[in-house]
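Q: can't give you the sequence, but here's the structure:
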């Protein structure tokens, strides 16, 4: 009531940085899966494994993400959003570096699990930050913006991943993921 249509879609300038940070946190999941898909043939060839063994890296990632959702909410309520989010991003970055330098298929699978554990922090804590920052009325709008922003990831992720893999090899996708998470 009393709000013009232009005001209804405009974010306060103080929250733009928060919105970008949350958007990147939300994008870690689709980036980590869609960008990674292009790496599967290279991983299969490099480690001389079957297709199902290479695909285990994706299954383990999704399992780690699912399990971690149960943990981050209570942890961020208890210890605060920022320290738990920073811990999650640190786990993600460290696991991504291990993925990038994996010497065995088992090491890559284990690192992908921990990469998922870290990636989950952005999605779970991001939602809590949205609720804390934007309240009940602004949360739906902000989630809409972030969802719209991350919706392009499944479209462009495989293309970028393929380009990186063809040009630099399967490990290049992990370099990009490490740079995104470090930023």
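A: The structure has been received and is ready for your questions. What you see is a predicted model, and the numbers here were worked out from it, not measured in a lab.

Q: center of the protein - which residue?
A: residue 28 (1.3 Å; C-alpha atoms, centre = their mean).

Q: wait, isn't it in contact with residue 180?
A: Yes - here residue 28 reaches residue 180: they are 7.4 Å apart, a contact under C-beta atoms under 8 Å. In short, each C-beta sits where N, CA and C put it, glycine included.

Q: contacts for stretch 51-61?
A: The contact list for stretch 51-61, computed with C-beta atoms under 8 Å, 6 or more residues apart in numbering, reads 32-33, 36-37, 40-41, 43-44, 47, 105, 108-109, 112-113, 115-116.

Q: quick one: distance of that stretch to the chain centre.
A: Relative to the mean C-alpha coordinate of its chain, stretch 51-61 is positioned 18 Å out (C-alpha atoms, centre = their mean, to the nearest Å).

Q: neighbour-wise, which of the contacts of stretch 51-61 leads?
A: Using other C-beta atoms under 10 Å as the neighbour criterion, residue 115 leads the contacts of stretch 51-61 with 31 neighbours.

Q: could you measure it against residue 122, distance?
A: Distance, residue 115 to residue 122, by C-beta to C-beta, to the nearest Å: 12 Å.

Q: now do the shared contacts for the two.
A: residue 92.

Q: report the longest helix in the protein, please.
A: In the chain, taking DSSP state H as the definition, the longest helix is helix 105-150.

Q: would you map the strands across this protein?
A: Assigned by DSSP state E, the chain shows no strands.
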